[in-house]
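Asker: coords below, sequence missing:
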(Lines give C-alpha, C1' and ligand atoms only; values in the text may rest on other atoms or scores of the structure.)
Protein backbone atom coordinates (compact mmCIF):
# COMPACT_ATOMS: atom_id res chain seq x y z
CA UNK A 1 0.00 0.00 0.00
CA UNK A 2 2.80 2.42 0.91
CA UNK A 3 4.08 2.20 -2.69
CA UNK A 4 1.09 3.81 -4.37
CA UNK A 5 -0.35 5.93 -1.55
CA UNK A 6 2.51 7.93 -0.15
CA UNK A 7 0.71 10.22 2.27
CA UNK A 8 -1.52 10.36 5.36
CA UNK A 9 -3.86 13.27 6.07
CA UNK A 10 -4.42 14.55 9.60
CA UNK A 11 -7.33 16.79 10.57
CA UNK A 12 -6.64 18.81 13.72
CA UNK A 13 -9.92 20.31 14.92
CA UNK A 14 -8.59 22.68 17.56
CA UNK A 15 -9.97 25.28 19.93
CA UNK A 16 -9.20 28.32 17.78
CA UNK A 17 -8.82 26.80 14.32
CA UNK A 18 -9.16 23.69 12.19
CA UNK A 19 -6.15 22.43 10.27
CA UNK A 20 -5.43 19.75 7.74
CA UNK A 21 -1.85 18.55 7.36
CA UNK A 22 -0.49 16.12 4.77
CA UNK A 23 2.41 13.98 6.10
CA UNK A 24 4.78 11.77 4.15
CA UNK A 25 6.17 8.40 5.28
CA UNK A 26 9.08 10.00 7.19
CA UNK A 27 6.63 12.05 9.27
CA UNK A 28 7.49 15.32 7.53
CA UNK A 29 4.90 17.97 6.72
CA UNK A 30 4.11 18.20 2.99
CA UNK A 31 1.39 20.87 3.05
CA UNK A 32 -1.17 22.43 5.39
CA UNK A 33 -4.46 24.30 5.35
CA UNK A 34 -5.77 26.26 8.33
CA UNK A 35 -8.84 28.36 9.17
CA UNK A 36 -9.82 30.04 12.41
CA UNK A 37 -13.41 29.87 13.62
CA UNK A 38 -15.36 32.36 15.68
CA UNK A 39 -15.05 32.34 19.48
CA UNK A 40 -18.55 33.09 20.82
CA UNK A 41 -18.85 34.59 24.33
CA UNK A 42 -22.58 35.02 25.12
CA UNK A 43 -21.91 35.81 28.81
CA UNK A 44 -18.95 36.03 31.17
CA UNK A 45 -17.52 32.51 31.56
CA UNK A 46 -19.44 31.12 28.57
CA UNK A 47 -17.48 29.97 25.50
CA UNK A 48 -19.13 28.49 22.40
CA UNK A 49 -18.33 27.48 18.82
CA UNK A 50 -20.67 26.97 15.87
CA UNK A 51 -20.40 23.25 14.93
CA UNK A 52 -21.59 23.96 11.37
CA UNK A 53 -18.85 26.55 10.90
CA UNK A 54 -16.33 23.99 12.19
CA UNK A 55 -17.52 21.32 9.73
CA UNK A 56 -17.48 23.83 6.86
CA UNK A 57 -13.93 24.86 7.80
CA UNK A 58 -12.77 21.24 8.08
CA UNK A 59 -13.91 20.59 4.50
CA UNK A 60 -12.18 23.75 3.29
CA UNK A 61 -8.85 23.08 5.02
CA UNK A 62 -8.77 19.50 3.66
CA UNK A 63 -9.34 20.87 0.19
CA UNK A 64 -6.67 23.56 0.73
CA UNK A 65 -4.01 21.14 1.98
CA UNK A 66 -4.62 18.66 -0.86
CA UNK A 67 -4.62 21.31 -3.58
CA UNK A 68 -1.50 23.03 -2.21
CA UNK A 69 0.27 19.65 -2.22
CA UNK A 70 -1.07 18.96 -5.73
CA UNK A 71 -2.68 15.75 -4.46
CA UNK A 72 -6.13 14.17 -4.56
CA UNK A 73 -7.88 11.76 -2.23
CA UNK A 74 -6.39 8.93 -4.33
CA UNK A 75 -2.94 9.75 -2.92
CA UNK A 76 -4.07 9.46 0.72
CA UNK A 77 -3.69 6.12 2.54
CA UNK A 78 -5.75 7.12 5.61
CA UNK A 79 -7.17 10.07 7.55
CA UNK A 80 -6.46 10.64 11.24
CA UNK A 81 -8.46 13.03 13.40
CA UNK A 82 -7.38 14.90 16.51
CA UNK A 83 -9.52 17.40 18.33
CA UNK A 84 -10.11 19.83 21.15
CA UNK A 85 -11.32 17.51 23.87
CA UNK A 86 -14.40 17.98 26.11
CA UNK A 87 -15.98 20.50 23.71
CA UNK A 88 -19.52 19.21 23.49
CA UNK A 89 -21.81 18.94 20.46
CA UNK A 90 -25.39 17.64 20.64
CA UNK A 91 -27.15 17.18 17.31
CA UNK A 92 -30.21 15.62 15.68
CA UNK A 93 -29.16 12.43 13.91
CA UNK A 94 -32.10 12.70 11.50
CA UNK A 95 -31.37 16.24 10.26
CA UNK A 96 -27.68 16.68 11.11
CA UNK A 97 -28.55 19.97 12.81
CA UNK A 98 -26.92 20.84 16.14
CA UNK A 99 -29.55 21.72 18.77
CA UNK A 100 -27.19 24.30 20.32
CA UNK A 101 -23.71 25.70 19.76
CA UNK A 102 -20.78 23.54 20.85
CA UNK A 103 -19.99 24.27 24.52
CA UNK A 104 -16.22 24.64 24.71
CA UNK A 105 -13.97 22.97 27.30
CA UNK A 106 -13.10 26.38 28.83
CA UNK A 107 -16.78 27.18 29.51
CA UNK A 108 -17.76 27.48 33.20
CA UNK A 109 -21.57 27.69 32.97
CA UNK A 110 -21.97 24.20 34.45
CA UNK A 111 -20.56 25.22 37.88
CA UNK A 112 -23.93 24.84 39.63
CA UNK A 113 -24.65 21.50 37.90
CA UNK A 114 -21.24 20.25 39.03
CA UNK A 115 -21.92 21.31 42.66
CA UNK A 116 -25.33 19.65 42.62
CA UNK A 117 -23.94 16.41 41.17
CA UNK A 118 -21.21 16.31 43.81
CA UNK A 119 -23.64 16.86 46.68
CA UNK A 120 -22.22 15.82 50.04
CA UNK A 121 -19.53 13.69 48.36
CA UNK A 122 -17.94 16.67 46.59
CA UNK A 123 -15.79 16.82 43.48
CA UNK A 124 -14.22 13.36 43.88
CA UNK A 125 -17.59 11.56 43.73
CA UNK A 126 -16.81 9.68 40.47
CA UNK A 127 -13.02 9.99 40.49
CA UNK A 128 -12.20 6.36 41.27
CA UNK A 129 -14.31 5.22 38.30
CA UNK A 130 -13.53 7.88 35.67
CA UNK A 131 -10.19 9.34 36.84
CA UNK A 132 -11.55 12.90 36.81
CA UNK A 133 -12.83 15.31 39.44
CA UNK A 134 -16.26 16.86 38.98
CA UNK A 135 -15.39 20.06 37.12
CA UNK A 136 -16.91 22.36 34.50
CA UNK A 137 -14.11 21.22 32.14
CA UNK A 138 -15.62 17.86 31.16
CA UNK A 139 -18.32 16.94 28.64
CA UNK A 140 -20.95 15.16 30.78
CA UNK A 141 -22.24 18.21 32.68
CA UNK A 142 -22.24 20.21 29.42
CA UNK A 143 -24.59 17.63 27.82
CA UNK A 144 -26.83 17.88 30.89
CA UNK A 145 -26.88 21.69 30.55
CA UNK A 146 -28.02 21.44 26.90
CA UNK A 147 -30.75 18.89 27.73
CA UNK A 148 -31.92 21.03 30.68
CA UNK A 149 -31.88 24.39 28.88
CA UNK A 150 -32.70 23.91 25.18
CA UNK A 151 -36.42 23.75 24.43
CA UNK A 152 -37.52 20.25 23.46
CA UNK A 153 -34.02 18.78 23.71
CA UNK A 154 -34.66 16.37 26.56
CA UNK A 155 -37.80 14.94 24.88
CA UNK A 156 -35.92 14.48 21.61
CA UNK A 157 -32.99 12.86 23.42
CA UNK A 158 -35.28 10.43 25.23
CA UNK A 159 -36.98 9.59 21.92
CA UNK A 160 -33.55 8.59 20.57
CA UNK A 161 -33.26 11.44 18.06
CA UNK A 162 -30.31 13.32 19.57
CA UNK A 163 -26.71 12.19 19.71
CA UNK A 164 -23.68 13.63 21.47
CA UNK A 165 -19.99 13.77 20.75
CA UNK A 166 -16.87 15.81 21.26
CA UNK A 167 -15.73 17.42 18.01
CA UNK A 168 -13.98 14.21 16.89
CA UNK A 169 -17.36 12.45 16.76
CA UNK A 170 -19.00 15.42 15.00
CA UNK A 171 -16.31 15.47 12.28
CA UNK A 172 -16.25 11.67 11.78
CA UNK A 173 -20.05 11.46 11.62
CA UNK A 174 -20.16 14.16 8.96
CA UNK A 175 -17.20 12.77 6.98
CA UNK A 176 -18.71 9.30 6.84
CA UNK A 177 -22.11 10.40 5.54
CA UNK A 178 -23.84 12.44 8.24
CA UNK A 179 -27.56 11.75 8.36
CA UNK A 180 -27.10 9.27 5.51
CA UNK A 181 -25.21 6.56 7.36
CA UNK A 182 -22.66 8.60 9.33
CA UNK A 183 -20.65 6.55 11.81
CA UNK A 184 -21.22 7.63 15.43
CA UNK A 185 -17.98 6.73 17.23
CA UNK A 186 -15.32 8.15 19.49
CA UNK A 187 -12.04 6.74 20.72
CA UNK A 188 -10.98 5.80 24.26
CA UNK A 189 -8.99 9.02 24.75
CA UNK A 190 -11.93 11.30 24.01
CA UNK A 191 -14.35 9.06 25.91
CA UNK A 192 -12.07 9.31 28.94
CA UNK A 193 -12.73 13.09 29.04
CA UNK A 194 -16.51 12.94 29.31
CA UNK A 195 -16.77 11.80 32.98
CA UNK A 196 -18.96 9.01 31.61
CA UNK A 197 -16.43 6.21 30.85
CA UNK A 198 -15.15 3.56 33.25
CA UNK A 199 -11.35 3.78 33.11
CA UNK A 200 -10.82 0.08 33.82
CA UNK A 201 -13.30 -1.45 31.35
CA UNK A 202 -13.33 1.40 28.74
CA UNK A 203 -17.14 1.24 28.65
CA UNK A 204 -19.83 3.82 29.39
CA UNK A 205 -20.93 4.05 33.02
CA UNK A 206 -24.73 3.94 32.86
CA UNK A 207 -25.14 4.99 36.51
CA UNK A 208 -23.21 8.24 36.03
CA UNK A 209 -25.03 8.92 32.74
CA UNK A 210 -28.25 8.37 34.73
CA UNK A 211 -27.15 10.82 37.44
CA UNK A 212 -26.57 13.41 34.71
CA UNK A 213 -29.88 12.62 32.98
CA UNK A 214 -28.11 11.60 29.76
CA UNK A 215 -29.80 8.78 27.78
CA UNK A 216 -27.17 6.15 26.90
CA UNK A 217 -28.58 6.13 23.34
CA UNK A 218 -26.92 9.54 22.82
CA UNK A 219 -23.42 8.24 23.42
CA UNK A 220 -21.04 7.27 20.60
CA UNK A 221 -19.56 3.79 20.33
CA UNK A 222 -16.15 3.67 22.05
CA UNK A 223 -13.38 2.34 19.79
CA UNK A 224 -9.58 2.16 19.89
CA UNK A 225 -7.43 5.10 18.75
CA UNK A 226 -6.12 3.23 15.70
CA UNK A 227 -8.56 1.23 13.55
CA UNK A 228 -10.75 1.82 10.51
CA UNK A 229 -14.01 3.43 11.68
CA UNK A 230 -15.46 4.04 8.23
CA UNK A 231 -14.70 5.62 4.87
CA UNK A 232 -14.97 9.18 3.69
CA UNK A 233 -18.06 9.97 1.64
CA UNK A 234 -18.61 12.60 -1.05
CA UNK A 235 -18.56 16.12 0.36
CA UNK A 236 -15.60 15.58 2.69
CA UNK A 237 -12.98 15.60 -0.12
CA UNK A 238 -11.72 12.12 0.80
CA UNK A 239 -14.29 9.70 -0.70
CA UNK A 240 -13.36 6.08 -0.10
CA UNK A 241 -10.37 6.92 2.11
CA UNK A 242 -10.35 5.06 5.47
CA UNK A 243 -10.91 7.26 8.53
CA UNK A 244 -8.60 5.25 10.74
CA UNK A 245 -7.26 7.22 13.72
CA UNK A 246 -8.80 9.33 16.48
CA UNK A 247 -6.91 10.81 19.42
CA UNK A 248 -7.79 13.76 21.64
CA UNK A 249 -5.29 16.53 20.95
CA UNK A 250 -3.09 16.08 24.02
CA UNK A 251 -2.96 12.31 23.64
CA UNK A 252 -2.15 12.76 19.95
CA UNK A 253 0.79 14.98 20.87
CA UNK A 254 1.99 12.36 23.37
CA UNK A 255 1.85 9.78 20.58
CA UNK A 256 3.56 12.06 18.06
CA UNK A 257 6.33 12.74 20.61
CA UNK A 258 6.94 8.94 20.85
CA UNK A 259 6.28 8.90 24.63
CA UNK A 260 5.78 5.14 24.59
CA UNK A 261 7.71 4.22 27.73
CA UNK A 262 6.59 4.60 31.33
CA UNK A 263 7.88 7.91 32.71
CA UNK A 264 8.18 9.71 29.36
CA UNK A 265 6.41 13.07 29.37
CA UNK A 266 5.51 15.89 27.01
CA UNK A 267 4.07 19.37 27.41
CA UNK A 268 1.99 20.99 24.67
CA UNK A 269 1.92 24.79 24.63
CA UNK A 270 -1.35 25.76 22.96
CA UNK A 271 -4.44 27.70 24.03
CA UNK A 272 -3.79 26.01 27.36
CA UNK A 273 -0.94 23.75 28.43
CA UNK A 274 -1.20 20.02 28.90
CA UNK A 275 1.49 17.87 30.46
CA UNK A 276 1.09 14.10 30.05
CA UNK A 277 3.26 11.37 31.53
CA UNK A 278 2.97 7.75 30.37
CA UNK A 279 2.09 5.47 33.32
CA UNK A 280 1.78 2.20 31.37
CA UNK A 281 -1.11 -0.24 31.08
CA UNK A 282 -2.53 0.39 34.58
CA UNK A 283 -4.36 3.61 35.46
CA UNK A 284 -2.60 5.50 38.30
CA UNK A 285 -4.97 7.43 40.58
CA UNK A 286 -3.80 10.95 41.43
CA UNK A 287 -3.53 12.27 44.99
CA UNK A 288 -2.19 15.63 43.79
CA UNK A 289 -4.85 17.16 41.56
CA UNK A 290 -3.95 15.49 38.27
CA UNK A 291 -6.28 13.63 35.90
CA UNK A 292 -6.02 9.94 35.16
CA UNK A 293 -6.66 9.54 31.45
CA UNK A 294 -6.22 7.13 28.56
CA UNK A 295 -3.07 7.96 26.56
CA UNK A 296 -3.82 5.72 23.55
CA UNK A 297 -5.00 2.29 22.47
CA UNK A 298 -3.67 0.74 19.25
CA UNK A 299 -6.22 -1.70 17.80
CA UNK A 300 -6.54 -4.79 20.00
CA UNK A 301 -3.49 -4.00 22.16
CA UNK A 302 -3.91 -3.01 25.81
CA UNK A 303 -4.79 0.60 26.51
CA UNK A 304 -1.94 2.77 27.79
CA UNK A 305 -2.75 5.30 30.51
CA UNK A 306 -1.34 8.68 31.51
CA UNK A 307 -1.44 11.23 34.27
CA UNK A 308 -2.31 14.67 32.94
CA UNK A 309 -1.91 18.16 34.26
CA UNK A 310 -4.31 20.49 32.45
CA UNK A 311 -3.66 24.23 32.55
CA UNK A 312 -6.50 26.35 31.18
CA UNK A 313 -4.77 29.55 30.07
CA UNK A 314 -1.29 29.87 28.55
CA UNK A 315 -1.22 30.77 24.83
CA UNK A 316 -4.65 32.37 25.22
CA UNK A 317 -3.09 34.79 27.75
CA UNK A 318 -0.79 36.05 24.97
CA UNK A 319 -3.88 36.42 22.73
CA UNK A 320 -5.59 38.36 25.54
CA UNK A 321 -2.61 40.73 25.78
CA UNK A 322 -2.89 41.21 22.00
CA UNK A 323 -6.69 41.40 21.51
CA UNK A 324 -8.05 42.81 24.78
CA UNK A 325 -5.23 45.15 25.81
CA UNK A 326 -3.50 45.86 22.48
CA UNK A 327 -0.06 45.75 24.13
CA UNK A 328 1.29 43.66 21.23
CA UNK A 329 0.16 43.48 17.60
CA UNK A 330 0.93 39.80 17.03
CA UNK A 331 1.80 36.87 19.29
CA UNK A 332 5.53 36.53 18.38
CA UNK A 333 6.06 40.17 19.36
CA UNK A 334 5.74 39.24 23.05
CA UNK A 335 9.22 37.72 23.07
CA UNK A 336 10.85 40.95 21.84
CA UNK A 337 8.89 42.98 24.39
CA UNK A 338 9.85 40.61 27.23
CA UNK A 339 13.51 40.84 26.19
CA UNK A 340 13.51 44.60 26.87
CA UNK A 341 13.76 43.80 30.62
CA UNK A 342 16.01 41.45 32.61
CA UNK A 343 13.32 39.98 34.87
CA UNK A 344 9.64 40.32 35.79
CA UNK A 345 10.24 43.40 37.97
CA UNK A 346 8.37 41.67 40.80
CA UNK A 347 5.16 41.22 38.77
CA UNK A 348 3.30 37.89 38.66
CA UNK A 349 0.29 37.21 36.41
CA UNK A 350 -1.99 34.33 37.39
CA UNK A 351 -4.38 33.84 34.45
CA UNK A 352 -7.29 32.13 36.21
CA UNK A 353 -9.71 33.45 33.58
CA UNK A 354 -11.85 30.31 33.68
CA UNK A 355 -10.93 29.22 37.18
CA UNK A 356 -7.80 27.23 38.00
CA UNK A 357 -7.32 23.77 36.53
CA UNK A 358 -4.58 21.38 37.75
CA UNK A 359 -3.54 20.98 40.47
CA UNK A 360 -6.11 23.24 42.21
CA UNK A 361 -9.48 22.70 40.46
CA UNK A 362 -11.02 25.94 41.71
CA UNK A 363 -13.71 27.16 39.33
CA UNK A 364 -14.33 30.25 41.50
CA UNK A 365 -10.79 31.62 41.00
CA UNK A 366 -10.25 34.57 38.66
CA UNK A 367 -7.17 36.17 37.13
CA UNK A 368 -4.81 38.38 39.11
CA UNK A 369 -1.80 40.56 38.29
CA UNK A 370 0.11 41.09 41.54
CA UNK A 371 3.36 42.56 42.87
CA UNK A 372 2.89 45.80 40.93
CA UNK A 373 4.95 48.90 41.69
CA UNK A 374 5.48 52.05 39.62
CA UNK A 375 8.68 50.45 38.37
CA UNK A 376 6.74 47.81 36.38
CA UNK A 377 6.35 48.52 32.65
CA UNK A 378 4.84 46.65 29.72
CA UNK A 379 8.08 44.69 29.23
CA UNK A 380 7.74 43.29 32.76
CA UNK A 381 4.09 42.42 32.12
CA UNK A 382 5.03 40.64 28.88
CA UNK A 383 7.65 38.67 30.80
CA UNK A 384 5.15 37.88 33.59
CA UNK A 385 2.74 36.56 30.93
CA UNK A 386 5.38 34.17 29.56
CA UNK A 387 6.59 33.16 33.00
CA UNK A 388 3.00 32.27 34.01
CA UNK A 389 3.11 29.44 31.48
CA UNK A 390 6.37 28.07 32.90
CA UNK A 391 5.31 28.43 36.55
CA UNK A 392 1.99 26.64 35.94
CA UNK A 393 3.90 23.85 34.19
CA UNK A 394 6.24 23.52 37.20
CA UNK A 395 3.26 23.11 39.55
CA UNK A 396 1.93 20.29 37.40
CA UNK A 397 5.33 18.57 37.08
CA UNK A 398 5.76 18.70 40.88
CA UNK A 399 2.38 16.96 41.22
CA UNK A 400 3.40 14.35 38.63
CA UNK A 401 6.65 13.59 40.40
CA UNK A 402 4.68 13.08 43.64
CA UNK A 403 1.99 10.88 42.05
CA UNK A 404 4.20 8.71 39.87
CA UNK A 405 7.10 8.37 42.32
CA UNK A 406 9.45 9.04 39.38
CA UNK A 407 11.24 12.37 38.98
CA UNK A 408 11.01 13.76 35.46
CA UNK A 409 14.47 13.88 33.85
CA UNK A 410 13.60 15.92 30.74
CA UNK A 411 10.50 17.47 29.21
CA UNK A 412 9.61 17.07 25.53
CA UNK A 413 7.76 20.15 24.32
CA UNK A 414 5.56 21.01 21.33
CA UNK A 415 2.86 23.44 20.20
CA UNK A 416 2.87 27.02 19.00
CA UNK A 417 4.69 28.67 21.93
CA UNK A 418 7.81 26.46 21.66
CA UNK A 419 9.12 28.89 19.02
CA UNK A 420 9.56 31.33 21.94
CA UNK A 421 13.16 30.75 23.03
CA UNK A 422 12.92 33.05 26.07
CA UNK A 423 10.02 30.97 27.37
CA UNK A 424 11.78 27.66 26.67
CA UNK A 425 14.90 28.79 28.57
CA UNK A 426 12.82 30.01 31.52
CA UNK A 427 10.89 26.72 31.46
CA UNK A 428 14.16 24.77 31.81
CA UNK A 429 15.31 27.20 34.53
CA UNK A 430 12.18 26.90 36.65
CA UNK A 431 11.92 23.09 36.26
CA UNK A 432 15.61 22.43 36.77
CA UNK A 433 15.59 19.84 33.94
CA UNK A 434 16.36 20.07 30.20
CA UNK A 435 13.56 21.05 27.80
CA UNK A 436 13.67 19.35 24.38
CA UNK A 437 11.96 20.54 21.18
CA UNK A 438 11.50 18.10 18.26
CA UNK A 439 12.12 18.92 14.59
CA UNK A 440 8.41 18.58 13.78
CA UNK A 441 6.67 20.76 16.38
CA UNK A 442 3.21 19.87 14.96
CA UNK A 443 3.15 16.70 17.03
CA UNK A 444 -0.62 16.79 17.63
CA UNK A 445 -1.51 16.35 13.97
CA UNK A 446 1.45 14.00 13.54
CA UNK A 447 0.18 11.72 16.32
CA UNK A 448 -3.23 11.43 14.66
CA UNK A 449 -1.54 10.71 11.32
CA UNK A 450 0.55 7.94 12.89
CA UNK A 451 -2.50 6.34 14.55
CA UNK A 452 -4.35 6.29 11.21
CA UNK A 453 -1.32 5.13 9.22
CA UNK A 454 -0.60 2.27 11.65
CA UNK A 455 -4.21 1.08 11.33
CA UNK A 456 -3.89 0.61 7.55
CA UNK A 457 -0.29 -0.66 7.50
CA UNK A 458 1.22 2.55 6.11
CA UNK A 459 3.49 2.50 9.18
CA UNK A 460 4.30 -0.75 10.92
CA UNK A 461 3.86 0.43 14.51
CA UNK A 462 5.30 2.50 17.32
CA UNK A 463 8.90 1.80 16.26
CA UNK A 464 8.37 3.82 13.08
CA UNK A 465 7.24 6.77 15.23
CA UNK A 466 10.35 6.44 17.42
CA UNK A 467 12.61 6.22 14.36
CA UNK A 468 11.05 9.32 12.77
CA UNK A 469 11.31 11.46 15.94
CA UNK A 470 14.28 13.85 15.89
CA UNK A 471 15.55 16.46 18.34
CA UNK A 472 15.73 20.05 17.12
CA UNK A 473 16.95 21.99 20.17
CA UNK A 474 17.60 21.45 23.88
CA UNK A 475 17.61 24.06 26.69
CA UNK A 476 19.60 23.34 29.86
CA UNK A 477 18.71 24.99 33.19
CA UNK A 478 20.88 28.05 33.96
CA UNK A 479 19.18 29.60 37.00
CA UNK A 480 20.77 28.93 40.40
CA UNK A 481 18.71 26.92 42.89
CA UNK A 482 18.14 29.76 45.38
CA UNK A 483 16.76 32.14 42.72
CA UNK A 484 14.62 29.38 41.20
CA UNK A 485 12.98 28.61 44.55
CA UNK A 486 12.58 32.30 45.49
CA UNK A 487 10.70 33.23 42.33
CA UNK A 488 8.63 30.03 42.45
CA UNK A 489 7.69 30.75 46.09
CA UNK A 490 6.42 34.19 45.06
CA UNK A 491 4.43 32.62 42.20
CA UNK A 492 2.72 30.22 44.65
CA UNK A 493 1.87 33.21 46.85
CA UNK A 494 0.40 35.02 43.82
CA UNK A 495 -1.81 32.00 43.01
CA UNK A 496 -3.43 32.18 46.48
CA UNK A 497 -4.64 35.71 45.64
CA UNK A 498 -6.96 34.33 42.94
CA UNK A 499 -8.91 31.90 45.17
CA UNK A 500 -12.59 32.29 46.08
CA UNK A 501 -13.12 35.39 43.95
CA UNK A 502 -16.57 34.56 42.58
CA UNK A 503 -19.39 35.07 45.09
CA UNK A 504 -22.86 33.60 44.57
CA UNK A 505 -24.16 36.96 43.34
CA UNK A 506 -21.28 37.43 40.86
CA UNK A 507 -21.37 35.56 37.55
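Answerer: Perfect, thanks for sending it. On a predicted model such as this, the values are computed, not experimentally measured, just so you know.

Asker: please enumerate the strands of the stretch 201-350 of the chain.
Answerer: Residue ranges of the strands in the stretch 201-350 of the chain, as given by DSSP state E, counting those that start in this stretch, are 221-223, 226-231, 242-248, 265-269, 273-280, 291-296, 304-311, 348-350.

Asker: got the buried residues for whichever strand or helix holds residue 113?
Answerer: Under the assignment given by DSSP states H and E, the secondary-structure element containing residue 113 is helix 111-118. Of the residues in helix 111-118, those buried by neighbour count under the rule 16 or more other CB atoms under 10 Å are 111, 113-114, 117-118. Heads up, the C-betas are built off the backbone N, CA and C, glycines and all.

Asker: what residues does stretch 375-385 touch?
Answerer: 317-318, 321, 327-328, 334, 337-341, 343-349, 351, 369, 422 (CB atoms under 8 Å, 6 or more residues apart in numbering).

Asker: buried ones among the residues you listed?
Answerer: 317-318, 321, 327-328, 334, 337-338, 341, 344-345, 347-349, 351, 369, 422.

Asker: any stretches of the chain with poor pLDDT?
Answerer: Counting by pLDDT under 70, the low-confidence segments of the chain come to 1-3, 235-236, 505-507.

Asker: max-length helix in it?
Answerer: When secondary structure is assigned using DSSP state H, the longest helix within the chain turns out to be helix 378-404.

Asker: ok so, going back, highest mean neighbour count out of the strands of the stretch 201-350 of the chain?
Answerer: Most buried of the strands of the stretch 201-350 of the chain by mean neighbour count (mean count of other CB atoms under 10 Å) is strand 242-248; its value is a mean of 30.

Asker: residue 413 should be in a helix, yeah?
Answerer: No - with DSSP: H, G, I helix; E, B strand; the rest coil as the criterion, residue 413 is located in strand rather than a helix.

Asker: beta partners for it?
Answerer: As for beta bridges, residue 413 partners with residue 267 under DSSP bridges.

Asker: my read is that it contacts residue 434, right?
Answerer: No - the pair residue 413 and residue 434 does not pass the contact test of CB atoms under 8 Å, sitting 10.3 Å apart.

Asker: ok, the two, which is more surrounded?
Answerer: The neighbour comparison of residue 413 against residue 434 (other CB atoms under 10 Å) goes to residue 413, with 29 against 15.

Asker: which strands and helices sit next to the helix holding residue 113?
Answerer: helix 139-149 (3 or more CB pairs under 8 Å, 6 or more residues apart in numbering; DSSP states H and E).

Asker: what does the helix it packs on contact?
Answerer: Contacts of helix 139-149 (CB under 8 Å, 6+ apart): 86-88, 90, 99-100, 103, 107, 109-110, 113-114, 117, 134, 153-154, 157, 164, 166, 193-196, 208-209, 212-214, 218.

Asker: packing partners of the next helix or strand after that helix?
Answerer: Following the chain from helix 139-149 toward its C-terminal end, the next helix or strand by DSSP H and E is helix 153-158. Counting by 3+ CB pairs under 8 Å, 6+ apart, the packing neighbours recorded for helix 153-158 are strand 88-92, helix 139-149.

Asker: and residue 269, what does it touch?
Answerer: Residues touching residue 269, when contacts are defined by CB under 8 Å, 6+ apart, comprise 314-315, 389, 413-418, 423.

Asker: A helix includes residue 418, no?
Answerer: Yes - residue state for residue 418 (three-state DSSP) corresponds to a helix.

Asker: I'd say it and residue 439 touch.
Answerer: No - here residue 418 does not reach residue 439: they are 11.6 Å apart, not a contact under CB under 8 Å.

Asker: more neighbours: those two, which one.
Answerer: It is residue 418, of residue 418 and residue 439, that has more neighbours when counted by other CB under 10 Å, with 23 against 12.

Asker: distance of the more buried one from residue 315?
Answerer: Between residue 418 and residue 315 the distance, using CB to CB, to the nearest Å, works out to 11 Å.

Asker: next up, identify which helix or strand the residue lying farthest from the centre of the chain is on.
Answerer: In terms of distance from the mean C-alpha position of the chain, residue 374 ranks first, at 37.9 Å (CA atoms, centre = their mean). According to DSSP H and E, residue 374 maps onto no helix or strand at all.

Asker: that one and residue 35, how far apart?
Answerer: Residue 374 is 44 Å from residue 35, by CB to CB.

Asker: now swap in residue 160 and tell me
Answerer: Distance, residue 160 to residue 35, using CB to CB: 34 Å.

Asker: the two: which is more packed in?
Answerer: residue 35 (16 against 12).

Asker: does the more buried one touch residue 17 like I think?
Answerer: Yes - under the contact definition of CB under 8 Å, residue 35 touches residue 17, with a separation of 6.0 Å.

Asker: excluding chain neighbours, what is closest to residue 298?
Answerer: Nearest residue to residue 298 in three dimensions, chain neighbours excluded: residue 226, at 4.6 Å (CB to CB, 6 or more residues apart in numbering).

Asker: give me the beta-bridge partners of that neighbour?
Answerer: As for beta bridges, residue 226 partners with residue 245, residue 298 under DSSP bridges.

Asker: about what we covered before: reformat the contacts of residue 269 as JSON lines; add distance to residue 499.
Answerer: Supplementary listing: those in JSON lines, determined by distance: CB to CB, whole Å:
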{"residue": "314", "distance to residue 499": "20"}
{"residue": "315", "distance to residue 499": "24"}
{"residue": "389", "distance to residue 499": "20"}
{"residue": "413", "distance to residue 499": "29"}
{"residue": "414", "distance to residue 499": "31"}
{"residue": "415", "distance to residue 499": "28"}
{"residue": "416", "distance to residue 499": "29"}
{"residue": "417", "distance to residue 499": "26"}
{"residue": "418", "distance to residue 499": "30"}
{"residue": "423", "distance to residue 499": "26"}
